[in-house]
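K.L.:
kindly return the folded structure for what I paste below:
(2 chains)
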Amino acid sequence: MSLRTTIRDEFAKTAEEQQKPIRAPLEDHTVLLESGLDSLCFAIIVSRLEDELGVDPFTTAEDVYFPVTFGDFVSFYENALR
Amino acid sequence: MKTPCARDAAPAEILSLRAILAGADHRSGAMLSAPCGEIAFADLARRGPLGDRQTRLAGRSVILKASSQFAAALALIDLDGVAESLVLWPPDLGLEHLPAIALAAGATAIVFDGEPPANAPAGVELIAFDPRRLAPRAAAAVGRRTRWAMFTSGTSGVPKMVAHTLQSLTGAIGDNRPGEGDVVWATFYDIRRYGGLQILLRAILGGASMVLSDEGEAVGAFLERLGRHRASHISGTPSHWRRALMSGHIGRISPRVVRLSGEIADQAVLAALRDAFPGASIGHAYASTEVGVAFEVADGLEGFPAALVEHGAGAVELAVVDDTLRVRSRRIAAGYVGSGGATLAGEDGFVDTGDLLERRGERYHFLGRRGGVINVGGLKVSPEEVEAVINRHPGVAMSRVSGRRSPITGAIVVAEVVPADASSPGADQAGLRASILDACRHCLPAFKTPAAIRIVPALELGANGKVARLHA
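P.N.:
The predicted structure follows:
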């Protein structure tokens, strides 16, 4: 399964559990905080992806920044796993 | 804000908010802005939503239940110096607590706008106000030192209140410094809580404008409004700031002063803010409803210099005992409200904050809360409260709830569960997890519901026979 699919699945699963329907389709330009998910959802997604992928790019990245769009989020993980 | 810790203001200077607003020093152009309206602070020296009904409230114990921050700000300026005591009702507190709070505070009146509270105790007068209709104030006896009851960010049960005075609330606020240019304060906090009230008081004392946040407003819209009002001094929790950084609208603001408090400020969020606002002064403060503002750290690094403990932080003394931070100053709350006058401080005048520290070289770093209290984006979660819900599940023998560090919300809640039937095959474990989560979601708000549940064969017990606690 591709990294993008893994991340997409985690978004969908968390959205369902937290009863926060994803409003916009998750495209590269979708702004994370306008997707329907809130900060708690992202905190959960990041912790689950750390368990699954063994990496938390927020804590390990040398250049600290916070992803704004879904595309940023995916490339954040791609870079960390490179 | 230029010095890490301003000297406490002299007690005689601050009598009431209204007196400050009426003072000649108050800049006439300073505005209070919210999505629902805007008003000059100077105007509030003369008029208010309670008008001549202030007279009826003189010397009484009053609960202020406002439907918005704007309404709260207008009414609290009316009530400060008039009421004997003032309970500021926070936005997220359930009305079911009203009878107990009214009793604890000895309230004889509830001042409210919007829907009248249906469960007000008998004998407590309901006084409605409309923040859009201001009237000249009566010449009520202003000059009382109103006791402010502020809710702590407590964890479970009936929320606790601590008693402050305008003196203790404003102790960390220095004089207005000329030459700083136009100051426009803003905060992600709600002014009905300690962190937000601090900012409103800074605006009023400093003769500056303030932009209020609004509960239902998207973070992008709020940042856009802050940009329009040229907000220069902005405060929030690290989680508030992370959300702003992720919003795609961070470029709309250009603050000169960025302040973080209410949670551990980690290096990642400090560095990201430095990157976003290269010219700004970025500081994190240690403050709580109980001890007030203790110190601010402006060197851009997480933790704080050990020198603050050794030499004090201005008017505040710090001590580290049993790895937890203790604070002594005139800014700490006088005591708990309605608990027989229980004080916060020990005999030596120090308050045990319960915040665990670790010394690394010349710096102290925050580790989390003693007793395992978890701070999820500024909201405190008691592990015992969550464990109680999990342990009620028939499939559970015992559980341990702890915090897991999160780069987004500071921490999230996770749980380890020992099943009642330890021989459960794996397939049943998934079912058990789902069923426990269902039970948690039914009884607890989302931030208290475990983000992950791990099924474990056993949990270690401490020497006291209790489940050994982990630190977030």
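
K.L.:
where in chain A is pLDDT low?
P.N.:
Under the criterion of pLDDT under 70, the regions of chain A flagged as low confidence span A:61-64.

K.L.:
which residue lies closest in space to residue B:190, excluding its sequence neighbours?
P.N.:
Of all residues beyond its chain neighbours, the one nearest residue B:190 is residue B:196 (4.8 Å), with distances taken as Cβ to Cβ, 6 or more residues apart in numbering or on different chains. For glycine as for every other residue, the C-beta is placed from the backbone atoms N, C-alpha and C.

K.L.:
measure that neighbour to residue B:107 for me?
P.N.:
Relative to residue B:107, residue B:196 is positioned 22 Å away (criterion: Cβ to Cβ, to the nearest Å).

K.L.:
what residues does chain A have near chain B?
P.N.:
Where chain A comes near chain B, counting by Cβ under 8 Å from any Cβ of the partner chain, the residues are A:17-18, A:31-34, A:39-40, A:42-44, A:46-48, A:51, A:56, A:58-59, A:64-69.

K.L.:
and for residue B:132, the neighbour number?
P.N.:
12 (other Cβ atoms under 10 Å in any protein chain shown).

K.L.:
ugh, wrong one, I meant residue B:244
P.N.:
What residue B:244 shows, counting by other Cβ under 10 Å, is a neighbour count of 27.

K.L.:
mind giving me the packing neighbours of the strand or helix carrying it?
P.N.:
Taking DSSP states H and E as the criterion, residue B:244 maps to helix B:238-246. Judged by 3 or more Cβ pairs under 8 Å, 6 or more residues apart in numbering or on different chains; DSSP states H and E, helix B:238-246 is in contact with helix A:39-53, helix B:219-228, strand B:257-260, helix B:267-276.

K.L.:
derive a PyMOL selection command for the buried subset of the residues of chain A next to chain B.
P.N.:
This is the PyMOL syntax for the buried subset of the residues of chain A next to chain B, where burial follows 16 or more other Cβ atoms under 10 Å in any protein chain shown:
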select buried, chain A and resi 17+18+31+32+33+34+39+40+42+43+44+46+47+48+56+58+59+64+65+66+67+68+69
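
K.L.:
could you check how far the residue nearest to residue B:190 is from chain A?
P.N.:
18 Å (Cβ to the nearest Cβ, to the nearest Å).

K.L.:
how about residue B:65?
P.N.:
Taking Cβ to the nearest Cβ as the criterion, residue B:65 is separated from chain A by 26 Å.

K.L.:
now do residue B:263
P.N.:
Applying Cβ to the nearest Cβ, one obtains 12 Å for the distance of residue B:263 from chain A.

K.L.:
up against chain A, what does the stretch 101-250 of chain B have?
P.N.:
Contact residues of the stretch 101-250 of chain B with respect to chain A, defined by Cβ under 8 Å from any Cβ, are listed as B:218-220, B:239, B:242-243, B:245-248.

K.L.:
in ChimeraX, how would I select the buried members of those?
P.N.:
What follows is the ChimeraX syntax for the buried subset of these, where burial is set by 16+ other Cβ under 10 Å:
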select /B:219,220,239,242,243,245,246,247,248
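
K.L.:
that older thread, what's the neighbour count on the residue nearest to residue B:190?
P.N.:
The burial count assigned to residue B:196 is 25, neighbours taken as other Cβ under 10 Å.

K.L.:
one more: the one 10 residues further on?
P.N.:
For residue B:206, the neighbour count with other Cβ under 10 Å is 24.
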